[in-house]
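Peer 1: what's the 3D shape of this:
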Amino acid sequence: MIVVSSCLAGMKVRYNGTHCLQDVIQRLVEEKRAVAVCPELMGGFMTPREPAEIQGGTGADVLDGRARVVEKSGRDVSAMYIEGAYAALKKIRELGATMVVLKEYSPSCGSAMIYDGRFANRKIPGSGVTAALLEREGIPVVSEDHFADKLQQGGEWK
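Peer 2: Now for the predicted structure:
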């Protein structure tokens, strides 16, 4: 089973009430070969919500208490991101997922790049909170930009 970020399947769950539809991912969900999850909603957020970025490090640093996730207004929402990450991990384990495709740049789901915490549209290398937790647990995580190569091995979908 593959787990994907809900926004990539066309669900309007992003902070601003939009989606980031990827046709192939939507098709996998429709064919019941993938399940969509949104760690941020699982952590208690509503849609729409204020934008948030990681300040002082990466998702791994948030998990370790060395950085925090902060909304643009300054409110620390780290606990909600951590709660959502653990809820997503539980769901992923229940499903026996072999791969997770997450939305790049998100403070929750970014797998290689995240915003730098200054709300200036600048990106830095690093993972979001959920991606970092999944990586620690040995669960493969890829972004929507790289999923096709990871999913197609020998020309067949896993």
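Peer 1: what comes up buried for stretch 63-76?
Peer 2: L63, A67, R68, V69, V70, E71 (16 or more other Cβ atoms under 10 Å). No exception for glycine: its C-beta is placed from N, CA and C like everyone else's.
Peer 1: what sits against the third one?
Peer 2: Looking back up the chat, that one is R68. R68 makes contacts with I54, Q55, G56, V62, D76, S78, as judged by Cβ atoms under 8 Å, 6 or more residues apart in numbering.
Peer 1: picking that back up, JSON lines for the buried residues of stretch 63-76, including distance to V37?
Peer 2: Formatted as JSON lines, the buried residues of stretch 63-76 follow (distance: Cβ to Cβ, whole Å):
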{"residue": "L63", "distance to V37": "18"}
{"residue": "A67", "distance to V37": "23"}
{"residue": "R68", "distance to V37": "23"}
{"residue": "V69", "distance to V37": "18"}
{"residue": "V70", "distance to V37": "23"}
{"residue": "E71", "distance to V37": "22"}
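Peer 1: and which of those is nearest to G128?
Peer 2: V69 (8.7 Å; Cβ to Cβ).
Peer 1: wait, a helix at the closest one?
Peer 2: No: counting by DSSP: H, G, I helix; E, B strand; the rest coil, V69 is not part of a helix but strand.
Peer 1: contacting residues for it?
Peer 2: A52, E53, I54, Q55, V62, D76, V77, S78, M80, Y81, P107, V129.
Peer 1: and of those residues, the nearest to N121?
Peer 2: Using Cβ to Cβ, the contacts of V69 come closest to N121 at E53, 10.2 Å.
Peer 1: report how many residues lie close to that closest one.
Peer 2: The number of residues packed near E53 is 21, by other Cβ atoms under 10 Å.
Peer 1: re the thing from before, by neighbours, which of the contacts of R68 wins?
Peer 2: Most surrounded of the contacts of R68: other Cβ under 10 Å gives I54, at 30 neighbours.
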